[in-house]
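A.B. asks: give the three-dimensional model of this entry:
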Amino acid sequence: MIENQELKLIKANILVVDDNPVNLRLLVQILTAKGYKVRPVPNGKLAVSTSQAAPPDLILLDINMPNMDGYEVCQKLKDDPQTADVPVIFISAYNNAIDKVKAFEVGGVDYIPKPFQVEEVLVRVKNHLSIRILQKTLQEKNTNLQQTLEELKTTQEQLIQSEKMAALGQLIAGIAHEINTPLGAIRSSIGNIKDFFEKNLIKMPIFFRNLTAKETEVYFKLLKLSSQKNQILSSREIRNLRRNLVAKLEAKNVPDCYSIADVLVDLGLDQKIEQITPFLKNERGLKIFEQIYQFYTLRQSATTINIATEKAAKIVFALKTHARYDSGEIPRKSDIINGIETVLTLYQNQFKPGVNVIKNYGKIPKIYCYPDSLNQVWTNLIHNALQAMDYKGKLIIDVSQEKSYLQVKITDTGKGIPQEIMPKIFKPFFTTKPPGEGSGLGLDIVNKIINKHQASIDVDSVPGKTTFTVAIPINLEENISNV
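C.D. replies: Reported below is the predicted structural model:
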């Protein structure tokens, strides 16, 4: 992923706008030497038309230009949806605070004063291109997830025509919630990252330049310690730790001790309070402490994005795997446990309130089977088990190898199946559910799929425990295609 991002950086397209030919040539040489694709433009009007015709990845924009200055150019670009998201770095001889404020107000992401340092220009360009690439990647992922949700909504009526898709239709609301949760985390985290760079990047050179050698040493030492935090504390442990820190800080006359105690706990620096306390009693020390916390939150946001994208990808993969059904499916070697896990992922939202899922997976070989069809078996049996215990109780799934068979047991702690209806449960159109809640085809379809695999299905039920046992032959390679 890092190599891919570096490749994208090298191929980045940068528009450089400056009416001074000397400055323009210099910036083009600097950026071209680093492998960037650079388009030089000598005035504001041409910058707007060029950007609209072929939006660049980043714009370096001078302010003081005739006819149309940099502020007006930036405003026009931000007003156009096609170029609104292109990051603009102002580069100007104007160095007053009011000029910088105006640059950010019209939509600039950074400000480099002239005369500029080559290294500074390259670092800022690389940072903002990295942010841009990350935003594009996240937008693509979000778009894919949103498209998946839209596809689910438009195909719901078709899905519920079969028993398998009827169960999936009932899960759509839960799946949408499960996808929206990581989407929200990604949106919040990228906002934090963007906010960090907009508020802190321009101040960082000044901050580091003003540090003494001792302050610099302490800064990087504490930053390293905070990055090594890996202990997860309970809420009670956090409260006790915070209370003890507040008492110690108050004893040392540290101002705003409650807020500082919270930050120390977050950073995992509670054991270093004796070393840190001297820095918390003056304004310079507090600024150092605040900067460390800003980097900590940046790292936490990146971690959140990583976890959220992995979770969303897992849900979407499970959904695509489960939703795929091919009437001309051919047998292939497959891992039965993977299929069961796919179904469990889709039902994850319905487990949270009161279902305890217990998985006892033994070591089993891959077998020739119809995996999509078997996923329909696990869907029906798990769905029925959840309904039987009213979504409260234990769902136990045992997978093991018993001689020449793979055995899958799905047990629930529901009210059980009355003995008088036990002979009827695999018959088509038989159901004990209220009208509209079941077609009576679920277990009939399960039975047909089981027969297709030359397998067997048995059920044992007493009040408080019902177990469906599926036994699938391991050596099906020779005969399954002829069934």
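A.B. asks: how about stretch 28-39: buried residues?
C.D. replies: 28, 30, 31, 36, 38, 39 (16 or more other Cβ atoms under 10 Å). For glycine as for every other residue, the C-beta is placed from the backbone atoms N, C-alpha and C.
A.B. asks: hang on, the second one packs against residue 118?
C.D. replies: The one in question is residue 30. Yes - assessed by Cβ atoms under 8 Å, residue 30 is found in contact with residue 118 at 5.6 Å.
A.B. asks: identify the contacts common to those two.
C.D. replies: Shared contacts of residue 30 and residue 118, defined by Cβ atoms under 8 Å, 6 or more residues apart in numbering, are absent.
A.B. asks: re the thing from before, pick out whichever of the buried residues of stretch 28-39 sits closest to residue 423.
C.D. replies: Nearest to residue 423 among the buried residues of stretch 28-39, counting by Cβ to Cβ, is residue 36 at 74.9 Å.
A.B. asks: what's the neighbour count on residue 290?
C.D. replies: Neighbours of residue 290 under the rule other Cβ atoms under 10 Å: 11.
A.B. asks: and what of residue 312?
C.D. replies: Residue 312: 23 neighbours (other Cβ under 10 Å).
A.B. asks: name the element it belongs to?
C.D. replies: helix 283-323 (DSSP states H and E).
A.B. asks: pLDDT below threshold where in the stretch 151-300 of the chain?
C.D. replies: By pLDDT under 70, the low-scoring segments of the stretch 151-300 of the chain are 152-178, 181, 226-234, 269-275, 278-279, 281.
A.B. asks: nearest spatial neighbour of residue 128, skipping sequence neighbours?
C.D. replies: Closest residue to residue 128 apart from its sequence neighbours, by Cβ to Cβ, 6 or more residues apart in numbering: residue 87 at 4.8 Å.
A.B. asks: again with residue 361
C.D. replies: residue 399 is the one closest to residue 361 (Cβ to Cβ, 6+ apart), at 4.9 Å.
A.B. asks: cool, and residue 110?
C.D. replies: Here the residue nearest residue 110, using Cβ to Cβ, 6+ apart, is residue 89, at 4.4 Å.
A.B. asks: quick check: beta-bridge partners of that neighbour?
C.D. replies: For residue 89, the beta-bridge partners under DSSP bridges are residue 60, residue 110.
A.B. asks: look up the pLDDT of it for me, please.
C.D. replies: Reading off the confidence values, residue 89 has pLDDT 94.
A.B. asks: equivalent analysis for the one 3 residues further on, please.
C.D. replies: According to the predicted model, the pLDDT of residue 92 comes to 89.
A.B. asks: do the same with the one 4 residues further on
C.D. replies: Among the per-residue scores, residue 96 shows a pLDDT of 86.
A.B. asks: and the buried residues of stretch 28-39, which two are furthest apart?
C.D. replies: Within the buried residues of stretch 28-39, 30 and 39 form the most distant pair, 14.3 Å apart (Cβ to Cβ).
A.B. asks: before we move on, back to that, with pLDDT added, can I get the buried residues of stretch 28-39 in JSON lines?
C.D. replies: What follows is those, written out as JSON lines (pLDDT from 0 to 100):
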{"residue": "28", "pLDDT": "93"}
{"residue": "30", "pLDDT": "92"}
{"residue": "31", "pLDDT": "93"}
{"residue": "36", "pLDDT": "91"}
{"residue": "38", "pLDDT": "93"}
{"residue": "39", "pLDDT": "94"}
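A.B. asks: quick one: which of these is nearest to residue 185?
C.D. replies: Comparing those against residue 185 with Cβ to Cβ places residue 36 closest, at 32.5 Å.
A.B. asks: distance of that closest one relative to residue 291?
C.D. replies: 30 Å (Cβ to Cβ, to the nearest Å).
A.B. asks: what does residue 449 give?
C.D. replies: Using Cβ to Cβ, residue 449 is found at 61 Å from residue 291.
A.B. asks: now swap in residue 455 and tell me
C.D. replies: Taking Cβ to Cβ, one finds residue 455 at 63 Å from residue 291.
A.B. asks: double-check that residue 451 belongs to a helix.
C.D. replies: Yes - assessed by DSSP: H, G, I helix; E, B strand; the rest coil, residue 451 belongs to a helix.
A.B. asks: gap between it and residue 457?
C.D. replies: Distance, residue 451 to residue 457, using Cβ to Cβ: 9 Å.
A.B. asks: give me the more crowded residue out of those two.
C.D. replies: Neighbours per residue (other Cβ under 10 Å) separate residue 451 from residue 457, with residue 457 holding more: 19 against 12.
A.B. asks: partner strands of the host helix or strand of the more buried one, with direction?
C.D. replies: Assigned by DSSP H and E, residue 457 falls within strand 456-462. Paired strands of strand 456-462, with direction, are strand 465-473 (antiparallel) (DSSP bridges).
A.B. asks: all strands of the protein, in order?
C.D. replies: For the chain, strands defined by DSSP state E occupy the ranges 13-17, 37-41, 58-61, 88-92, 110-113, 332-334, 355-361, 367-369, 393-402, 405-412, 456-462, 465-473.
A.B. asks: got the ones you listed as JSON lines, with distance to residue 238 columns?
C.D. replies: JSON lines is the format used below for the strands of the chain (distance: least, Cβ to Cβ, whole Å):
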{"stretch": "strand 13-17", "distance to residue 238": "46"}
{"stretch": "strand 37-41", "distance to residue 238": "50"}
{"stretch": "strand 58-61", "distance to residue 238": "42"}
{"stretch": "strand 88-92", "distance to residue 238": "41"}
{"stretch": "strand 110-113", "distance to residue 238": "37"}
{"stretch": "strand 332-334", "distance to residue 238": "45"}
{"stretch": "strand 355-361", "distance to residue 238": "27"}
{"stretch": "strand 367-369", "distance to residue 238": "48"}
{"stretch": "strand 393-402", "distance to residue 238": "31"}
{"stretch": "strand 405-412", "distance to residue 238": "37"}
{"stretch": "strand 456-462", "distance to residue 238": "45"}
{"stretch": "strand 465-473", "distance to residue 238": "40"}
